[in-house]
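**Q** The following comprises the amino acid sequence and a computationally predicted model.
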Amino acid sequence: LILHLQDTVKYRELKKGDLLLKAGHVCRDIYFIDAGLLRCFYRRQELEVSSWFMKDGDVIVSVESFYQRKVSYEWIQALEDCRLFYISYEELYHIYRHYPEFNFISRELTQHYYILWTQLLYALRMKTAEEKYGWLLERFPDYVLRIPAKHLASWLGISEYHFSYVKNKRIARP
């Protein structure tokens, strides 16, 4: 498996602001982030709504587009300079078929991201803006330093103004 991956995995660099995927295209590759930070987002008229952030050590992919081989409605953009390793859909399934041990790795990754996703959905639906900000600080403290407030606010489902208010209110506490 290791030798096969060494022969198969490709490398790509992105500069801050570069797009890894544009809506209207099929996501053909799955990426491991060696270094950097990316965001997934949607566009609703002129508004960009952040749906997820992935950083060093994470896997990033437009899930529905990649696994169902359909056109994506998501954009993926580098928020920092990035170093990425990636393989194609076809190669991933070749590895699944020929290296059964890789299925265990895939299951663990799927479980990890599924748990994160359910935690995010709970936070978005059940928490107040103040609680969402607290959740953000607890789960992803580096995001506040690395990601512009407008992207974090849209991810948490609150206005940029309210996000700033909650952040400043928390800072002002004795």
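**A** Looks like it came in fine.

**Q** In the chain, what residue spans correspond to strands?
**A** 10-14, 19-21, 29-35, 37-44, 47-55, 59-60, 75-78, 82-88 (DSSP state E).

**Q** Minimum distance to L116: which of those strands has it?
**A** In terms of C-beta to C-beta, the element of these nearest to L116 is strand 47-55, at 8.8 Å. To be clear about C-beta, it is placed using only N, CA and C from the backbone, and glycine gets the same treatment.

**Q** coming back round to it: out of the strands of the chain, the one nearest K169 is which?
**A** Per C-beta to C-beta, nearest to K169 of the strands of the chain: strand 47-55, 22.0 Å.

**Q** Show me what the closest one packs onto, helices and strands only.
**A** Judged by 3 or more C-beta pairs under 8 Å, 6 or more residues apart in numbering; DSSP states H and E, strand 47-55 is in contact with strand 37-44, helix 149-156.

**Q** Save these as TSV, and put in mean pLDDT too.
**A** Shown next, in TSV, are the helices and strands packed on strand 47-55 (pLDDT from 0 to 100):
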stretch	mean pLDDT
strand 37-44	96
helix 149-156	96
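
**Q** Could you dump the ones you listed into TSV and include distance to K15 and mean neighbour count?
**A** Below are the helices and strands packed on strand 47-55 laid out as TSV (distance: least, C-beta to C-beta, whole Å; neighbours: other C-beta atoms under 10 Å):
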stretch	distance to K15	mean neighbour count
strand 37-44	12	19
helix 149-156	18	20
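
**Q** Tabulate the ones you listed (a markdown table), appending distance to K132.
**A** Below are the helices and strands packed on strand 47-55 laid out as a markdown table (distance: least, C-beta to C-beta, whole Å):
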| stretch | distance to K132 |
| --- | --- |
| strand 37-44 | 17 |
| helix 149-156 | 5 |
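
**Q** Between those, which one is closest to R69.
**A** Across the helices and strands packed on strand 47-55, closest to R69 is strand 37-44 (C-beta to C-beta), at 18.1 Å.

**Q** Please name every helix or strand in contact with the closest one.
**A** Packing partners of strand 37-44 (3+ C-beta pairs under 8 Å, 6+ apart): strand 47-55, strand 75-78, helix 149-156.

**Q** now the angle from it to strand 82-88?
**A** Relative orientation of strand 37-44 versus strand 82-88 (axes from the mean of the first three to the mean of the last three C-alpha atoms, to 10 degrees): 70 degrees.

**Q** Tabulate the CA atom coordinates of strand 37-44 in PDB.
**A** Only the C-alpha atoms of strand 37-44 are listed here, as PDB (Å, rounded to 0.1, in the frame of the first residue of the first chain):
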ATOM      1  CA  LEU A  37      -6.300  26.400   5.400                       C
ATOM      2  CA  LEU A  38      -9.200  26.200   3.000                       C
ATOM      3  CA  ARG A  39     -12.900  27.000   3.100                       C
ATOM      4  CA  CYS A  40     -15.900  25.500   1.400                       C
ATOM      5  CA  PHE A  41     -18.700  27.900   0.600                       C
ATOM      6  CA  TYR A  42     -21.800  28.400  -1.400                       C
ATOM      7  CA  ARG A  43     -23.000  31.500  -3.200                       C
ATOM      8  CA  ARG A  44     -26.600  32.800  -2.700                       C
END
